[in-house]
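S.K.: Need a 3D model of the following:
(6 chains, ligands or ions: 6)
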Amino acid sequence: MSEPHAHRGAVALVTIVAEAIVEQRLVRDLRDAGAHGWTVTTARGEGPRNRRVGDLEGGNVRIETLVSHATADAIMAKLAADWFPHYAVVAWVADVEVAREDRYL
Amino acid sequence: MSEPHAHRGAVALVTIVAEAIVEQRLVRDLRDAGAHGWTVTTARGEGPRNRRVGDLEGGNVRIETLVSHATADAIMAKLAADWFPHYAVVAWVADVEVAREDRYL
Amino acid sequence: MSEPHAHRGAVALVTIVAEAIVEQRLVRDLRDAGAHGWTVTTARGEGPRNRRVGDLEGGNVRIETLVSHATADAIMAKLAADWFPHYAVVAWVADVEVAREDRYL
Amino acid sequence: MLQIAHIMPSMGATDTLQLAIDNLLSPPVLGFALGLLAVAIGGDLRLPDAVYQGLSMYLLLAIGLKGGVALRESDIGDLVLPALAALALGVLIPLAAYLALRAVTRLGSLDRGAIAAHYGSTSLVTFTAALVFLDASQLAVEGYVVTLLAILEIPGIVVGLLLAGRGMNRGVPWSESLREILVGKSVLLLAGGLLIGVLTGPVGYARVEPFFGALFVGVLTLFLVELGVLAGRRLPDIRGAGWGLPAFAIVFPILAGTAGVIAGGATGMGVGGAAVFGVLCASASYIAAPAAVRLALPEANPGYYLTTALGITFPFNLVVGIPLYLAISQEVVG
Amino acid sequence: MLQIAHIMPSMGATDTLQLAIDNLLSPPVLGFALGLLAVAIGGDLRLPDAVYQGLSMYLLLAIGLKGGVALRESDIGDLVLPALAALALGVLIPLAAYLALRAVTRLGSLDRGAIAAHYGSTSLVTFTAALVFLDASQLAVEGYVVTLLAILEIPGIVVGLLLAGRGMNRGVPWSESLREILVGKSVLLLAGGLLIGVLTGPVGYARVEPFFGALFVGVLTLFLVELGVLAGRRLPDIRGAGWGLPAFAIVFPILAGTAGVIAGGATGMGVGGAAVFGVLCASASYIAAPAAVRLALPEANPGYYLTTALGITFPFNLVVGIPLYLAISQEVVG
Amino acid sequence: MLQIAHIMPSMGATDTLQLAIDNLLSPPVLGFALGLLAVAIGGDLRLPDAVYQGLSMYLLLAIGLKGGVALRESDIGDLVLPALAALALGVLIPLAAYLALRAVTRLGSLDRGAIAAHYGSTSLVTFTAALVFLDASQLAVEGYVVTLLAILEIPGIVVGLLLAGRGMNRGVPWSESLREILVGKSVLLLAGGLLIGVLTGPVGYARVEPFFGALFVGVLTLFLVELGVLAGRRLPDIRGAGWGLPAFAIVFPILAGTAGVIAGGATGMGVGGAAVFGVLCASASYIAAPAAVRLALPEANPGYYLTTALGITFPFNLVVGIPLYLAISQEVVG
Ligand SMILES: Nc1ncnc2c1ncn2[C@@H]1O[C@H](COP(=O)(O)O)[C@@H](O)[C@H]1O
Ligand SMILES: Nc1ncnc2c1ncn2[C@@H]1O[C@H](COP(=O)(O)O)[C@@H](O)[C@H]1O
Ligand SMILES: Nc1ncnc2c1ncn2[C@@H]1O[C@H](COP(=O)(O)O)[C@@H](O)[C@H]1O
Ligand code: NA
Ligand code: NA
Ligand code: NA
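M.R.: Numbers count the residues shown, from 1 in each chain, chains lettered A, B, ... in the order given. Ligands and ions are numbered 1, 2, ... in the order given. Next up, the predicted model:
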């Protein structure tokens, strides 16, 4: 996420899939990184690592947050530093258009 | 959503997150705006406003609909006019590629 | 999905919505096509066709998989060949940015 | 042990304080307290959403069934006057609430109407807690009280919405919102249960009693843990609201409850029935009403009506109100 | 009250009309009606999906357990002939359905085979409703009937898929679809329950009876509310289908049911058992079969097979069929 | 039938082998086997996630309630010594496990500490299965055993985390992880249930017993089907682990269980109570501990601790361990 982005909309949608047990912590980190809101859906899945205890803890959560690109970069950096090494976490960023962009910046 | 879009795919994915209680009405508006189909998942979340009664009504719904960009604009316009002022609603639009584009136009 | 894409990120997010009953088979096809992981959420919805037995079988599943664009094309081709003709399946592809792209290629 | 369970309370039946303590130590009330506690220490005891929905559907259908069977047993003649009284109070209570709120709060007519709709309607769980309480106290309750619950559920909401008047959401006519409530889960299950109960009668009911009857108090306990969590989350909002709203949320139920007890006695109900009638009038809806208000009055602030109805009035009635209305009933009616 | 519950029906036991009315007014059937009503007035009574799935798993395991215990008690010798009859009818009924459909409808072999698979298999809920009905009528039922249910569930589906013949989905061999059904929830829970019941016997069962036994009728009632909603949603599709399909959905079960009753009597079953055998033959599957057909015959139109099986035949059997097959059984066997 | 259910086992009560067979053929154990079987043949018997969560909340609250009522009945004086013994073993067992693992495996301190945390804590379901087993064998069990369960749940986890030492996740202090466990569902419901039980007593409990008491074994059976599936999925991981880990997962519980039985007897518990104490010590947690370890020691490999605790030790205790610890208790204590 470090390299600059050309011609992109002002708002980024960051989607994070992680084992359900860490939801509270993850949301805390999102707030700290500057997210003003998020949407959570429960999910399940498989991945190359498959080291989570999800089976016993209710699978995964899928968290979406609309944020500025700067915040998106901060979130991805935080994930890379503290989350990817330890937890079953997958994340991606997409450019989206929203109404009332200011709500998310 | 008013400004024109350059070089974009023919199909837009509109995602709407709203308090569950309004699902039926929202779907009705989507149909009226020209959507031929939609996918609903139950979700929960937090936002700056947090005025919904979701706690008691089963949280949020997350509605996705693949539509033409024209329909997407119509949907966002409808949301801006009738929904954003009153309800806990968040919406975004993304460009996506689909097979059988005609199904959604 | 056949025509070439200009300036796009290395990773594609393929989202498939299908009647829940075929989840196992669909996941098998994804794996065969080269996907290393996927995230599944349960969903419901309506579409122009509406021929599924979802009502009795637990509605739809919404499957997301981060893959290379080549794999995305393979998946969409497989869907077009074996799935669209018979089952209630809808799919779309979006360009996304991820950390650790290599995990998905 | 079971013997004791059925004798002891009846002994204390005259001693209302004893009953109040029994009530305080009953599993449902303690379950509610556990939910509050969990929120207080930052824990999470929420049921999965699907389970919560399923349990509330069970409670609505079960109470409807039980009521229907009882209704079939009871003489319709006895029901006429209480039913009329219920209708009258269904209109008067929200009116009174609306005016009272003007006196004690700075809220606009929109929010006052929204709150009035809640107090005009009733709370199923408070009602059932009262039945459990009276059951333990071995006081007879007229079979048709559930019918009164059904009668009281809707009119109060309508009046509240009308009072809120000009505040309506232009998008959708509020009659549409009303329709959505009338065909909503809570009304359908309660009315449907009543109908099924009337039609199947005691013979048919006996076959589902182990599920809809015997489990009821236990399920209610589990449900109240969840409500405790929801109520606990609402409490912080009270601070912002000043003293007027909390005061209203405690004083108004007492007045409405007393009115209900008197009306119950005046229309020929016994001590138990009049007390339950009082509970119906004192309780504030937090299922049907919030949904209706949210749909018809989106501009009204849930922070006000949910906090008062669920955060203050519900626990107050659960712990203090129910025994209080019985005590009043024993004075007035007994 | 309970006394009455157990005496009254037995009194009417000879009078089948009385039984039919009792059945019509039984909580499960009324629950189904409530679901239909809800759809009719545009309401929504669907259970959360997770709860629906959980309840159907409960019903399958519970009926399996009960059947297993009964099977253990019953003499295997008595089971042989009925079991063979079940196998035979499991092949003949779908064949007959396939041919009948050619006569009365314009459907292609693909859709005819799909429908045949449903009528060749059986409906767990119809079966259990019949048990509840006979239980109320105090008629003895052989312990091994659940075994017949298990035997009848699969062969009919296989025959139907074979009849649909060339229509197969090229992608996946239909044997694969069959495997998916055999290891699917419904077969595993029913067969697993049977096995557990046989192994644990009455002593072990007594400890889970309060859950798997006593609650059964109540849970079934809740489940039927949901099925009423699903059936109600299917009804509109009938119009399109012309008169042939609805006629088939009502006449064929009567014929298949009569065949079942006769076969039951001929193989030594009593009045009650033969009636249940008739119900098994008359009922159309809407859990195992739709799944199998959807997987193996995706080109077949669910609008046809679901509407007939769930929208018409299920309610018909629930209300008219069950008492009818008993009446026939009392004529033929009694 | 019910008579037999209550007499027969008591007859075999002295004959432990007979009891072991009864246990093997009890619905809960057979339900677990069904889950394993389903996985073996590639089927799927998983409950919907929401139902699974709801059932585990029910089990925790129910066992807490029952324990609280019993605790209220029992003399606190008798509890002191066993409670101290529980605390001591809560520290010693994980230490012993940690050292034993160094002897028989090549695992690093991180994974050894993680596994030790599981064996230091206890398994609610194993505990309840033991109660069901002893209940069938008509052996008295001290009312306060659930209190010992609560006491044993946490310390072992803490010791395990400390032993894992330097392996901590730098991101979050592990005290934070501990807090998250202490206010987590399992501790809150178990402790909350105990409190409610103590406060409401037998009178209040009698009113929720049909739900929290009578249904317990049945719900446990359903729950064990699910655990069978989860355990079955873990079994393949064993191969990779070499012989050391499986050996540990079977031998260690026997040693810890024996220690528990002796400690129970030494602190004045009866045959039944000492056996349950043994089960508590022998069982490995797979709800509280995995969550805590996952949060505090993300680098530890769940493939090790889940497979041993849930895949091997749990079924071993369920089938062999429980009767074994009773036999030992009859030797040592009786
Ligand atoms: N390529 C992928 N596409 C979509 N979701 C994935 C992918 N890989 C992993 N996931 C999700 O991330 C979770 C954790 O993955 P892992 O860390 O590999 O166990 C999985 O359970 C999936 O839900
Ligand atoms: N920035 C955001 N990103 C993603 N979802 C959001 C965001 N803000 C709000 N939401 C969702 O929209 C719902 C309503 O938000 P609000 O109207 O602020 O209460 C929340 O419950 C979230 O599910
Ligand atoms: N335009 C659309 N946008 C989003 N989801 C759709 C759309 N059309 C269909 N779907 C989803 O795909 C499923 C199958 O559609 P159909 O094959 O038309 O019945 C529906 O239940 C919806 O969940
Ligand atoms: Na009221
Ligand atoms: Na049949
Ligand atoms: Na232990």
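S.K.: low-scoring stretches of the stretch 151-300 of chain D, by residue?
M.R.: Applying pLDDT under 70 to the stretch 151-300 of chain D picks out residues D:166-172, D:174, D:240-241.
S.K.: can you give me the strands in chain A?
M.R.: For chain A, the strands defined by DSSP state E cover A:11-19, A:38-46, A:60-68, A:89-98.
S.K.: Any residues of chain A in contact with ligand 1? List them.
M.R.: A:17, A:45, A:46, A:47, A:48, A:49, A:50, A:52, A:60, A:88, A:90 (Cβ under 6 Å from any ligand atom). In short, each C-beta sits where N, CA and C put it, glycine included.
S.K.: hmm, back to that, now render the strands of chain A as JSON lines, adding mean neighbour count, distance to residue E:262 and mean pLDDT.
M.R.: Converted to JSON lines, these look like this (neighbours: other Cβ atoms under 10 Å in any protein chain shown; distance: least, Cβ to Cβ, whole Å; pLDDT from 0 to 100):
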{"stretch": "strand A:11-19", "mean neighbour count": "24", "distance to residue E:262": "59", "mean pLDDT": "95"}
{"stretch": "strand A:38-46", "mean neighbour count": "22", "distance to residue E:262": "49", "mean pLDDT": "92"}
{"stretch": "strand A:60-68", "mean neighbour count": "24", "distance to residue E:262": "55", "mean pLDDT": "96"}
{"stretch": "strand A:89-98", "mean neighbour count": "22", "distance to residue E:262": "61", "mean pLDDT": "94"}
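S.K.: Mind picking the one among the residues of chain A next to ligand 1 that's closest to chain D?
M.R.: Of all those, chain D sits closest to residue A:60, with 15.0 Å by Cβ to the nearest Cβ.
S.K.: Mind telling me the two of the residues of chain A next to ligand 1 farthest from one another?
M.R.: Within these, two members stand farthest from each other by Cβ to Cβ: A:48 and A:60, at 14.5 Å.
S.K.: tell me the centre residue of chain D?
M.R.: Centrality entry for chain D: nearest residue to the mean C-alpha point is residue D:123, 2.0 Å, by Cα atoms, centre = their mean.
S.K.: can I assume that residue is in contact with residue D:286?
M.R.: Yes: Residue D:123 is in contact with residue D:286 according to Cβ atoms under 8 Å; the separation is 6.3 Å.
S.K.: Give the residues shared as contacts by those two.
M.R.: D:309, D:314 (Cβ atoms under 8 Å, 6 or more residues apart in numbering or on different chains).
S.K.: if we can go back for a sec, gap between the residue nearest to the residue nearest to the centre of chain D when sequence neighbours are not counted and residue E:183?
M.R.: In this structure, residue D:123 finds its nearest non-sequential neighbour in residue D:283, 3.7 Å apart by Cβ to Cβ, 6 or more residues apart in numbering or on different chains. Shown here: residue D:283 relative to residue E:183, a distance of 50 Å by Cβ to Cβ, to the nearest Å.
S.K.: who's more crowded, these two?
M.R.: residue D:283 (33 against 16; other Cβ atoms under 10 Å in any protein chain shown).
S.K.: Just list the residues touching that one, thanks.
M.R.: D:122, D:123, D:126, D:127, D:253, D:313, D:314, D:317, D:321.
S.K.: Give me the number of neighbouring residues for the nearest residue to residue D:334 once chain neighbours are set aside.
M.R.: Distances taken as Cβ to Cβ, 6+ apart place residue D:271 nearest to residue D:334, at 4.3 Å, with adjacent residues excluded. Residue D:271 is flanked by 22 other residues according to other Cβ under 10 Å.
S.K.: Pull the contacting residues for residue D:271.
M.R.: D:139, D:326, D:329, D:330, D:333, D:334.
S.K.: Relative to chain B, which residue of chain D is the closest?
M.R.: Closest point on chain D to chain B, by Cβ to the nearest Cβ, is residue D:298, at 3.4 Å.
S.K.: what's the nearest residue to that residue if we skip its chain neighbours?
M.R.: Using Cβ to Cβ, 6+ apart, the closest residue to residue D:298 is residue B:86 (3.4 Å).
S.K.: sec struct for the residue of the stretch 51-200 of chain D found nearest ligand 3, please.
M.R.: Per Cβ to the nearest ligand atom, residue D:53 is where the stretch 51-200 of chain D lies closest to ligand 3, at 20.9 Å. Following DSSP: H, G, I helix; E, B strand; the rest coil, we place residue D:53 in the helix state.
S.K.: From residue F:250, how far off is it?
M.R.: 43 Å.
S.K.: Good, we can wrap up now.
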